[in-house]
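S.K.: build me a model:
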Amino acid sequence: MTPRILPVLAIGLMTLAGCANTSQYSGNVYSGQGAQTAQTVQVGTITALRQVQIQGESSGLLGGGGGAVLGGLLGHQVGGGSGRDIATAVGAIGGAVAGSKIEDSANRTAAWEMEIRKDTGETVVVVQKADQAFQVGQRVRLIGSGSRVSVAPY
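M.R.: Below is the predicted model:
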């Protein structure tokens with residue numbers, strides 16, 4: 001593999017890091033395990049609503065690893081001798097930090113934090129992807145089993 005191909009591969013890997021699947025945070029998407037299983041339904045009213053972000057899990061391999069490779073390659077283009085070695089190391093470290101930050105920001109999803117007063121009187125908070133409109137005072141259904149609950153319009 002020629003050194004000219006490595007930066008292209010590194011940029012490609014960092015681009016793929018931005019393609020993280022965030023649909024699992026949606027109230028409109030069920031996992032394979034959640035399909036065809038009995039879910040409980042409770043009804044309530046949204047009493048408070050605020051926009052938040054969900055930070056998805058990052059492996060660090062794509063962003064940090066790709067950034068380190070790209071930064072090291074760029075640093076290697078600077079100077080000569082021991083100066084080139086230092087520039088390569090500094091470039092790799094800086095690239096890894098920058099790549100990790102890019103991957104983290106790509107793994108953020110806009111979400112709603114909904115405080116819901118169930119008809120039973122109990123109050124719960126549910127956070128899910130902001131892929132549909134909700135408002136304070138809206139009647140909603142809480143659908144789920146165990147600790148996994150999604151909110152849907154009533």
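
S.K.: ok, now which ones touch the closest residue to Leu142 other than its chain neighbours?
M.R.: Excluding the flanking residues, the one nearest Leu142 by CB to CB, 6 or more residues apart in numbering is Gln42, at 4.6 Å. The C-beta positions use only the backbone N, C-alpha and C, and glycine is treated the same way. Residues in contact with Gln42 (CB atoms under 8 Å, 6 or more residues apart in numbering) are 118-120, 141-142.

S.K.: could you do Val124 as well?
M.R.: Counted by CB under 8 Å, 6+ apart, Val124 has contacts 44, 115-116, 118, 142, 149.

S.K.: now the host helix or strand of Ser82: mean pLDDT?
M.R.: Here Ser82 sits within helix 81-106, counting by DSSP states H and E. Across helix 81-106, the average pLDDT comes to 68.

S.K.: could you do stretch 122-138 as well?
M.R.: Here the average pLDDT along stretch 122-138 is 94.

S.K.: only the buried residues of it, if you could.
M.R.: Of all the residues in stretch 122-138, those buried under the rule 16 or more other CB atoms under 10 Å are 126, 128-131, 134, 138.

S.K.: tell me where this protein has helices.
M.R.: Counting by DSSP state H, one finds helices in the chain at the ranges 5-17, 66-76, 81-106.

S.K.: what's opposite Pro153 in the beta bridge?
M.R.: Judged by DSSP bridges, the bridge partners of Pro153 are Val140.

S.K.: measure it to Arg139 for me?
M.R.: Separation of Pro153 from Arg139 (CB to CB, to the nearest Å) stands at 8 Å.

S.K.: got it, and Ser147?
M.R.: Distance from Ser147 to Arg139, by CB to CB: 23 Å.

S.K.: got it, and Gly94?
M.R.: Counting by CB to CB, the gap from Gly94 to Arg139 is 52 Å.

S.K.: and this protein, what are its domains?
M.R.: Split into domains by automatic domain parsing, the chain comes to 1-24+58-106, 38-55+109-154.

S.K.: what's the neighbour count on the residue nearest to Gln55 when sequence neighbours are not counted?
M.R.: Leaving aside its sequence neighbours, Gln55 sits nearest to Arg108 (CB to CB, 6+ apart; 5.7 Å). Other residues within reach of Arg108 by the criterion other CB atoms under 10 Å amount to 13.
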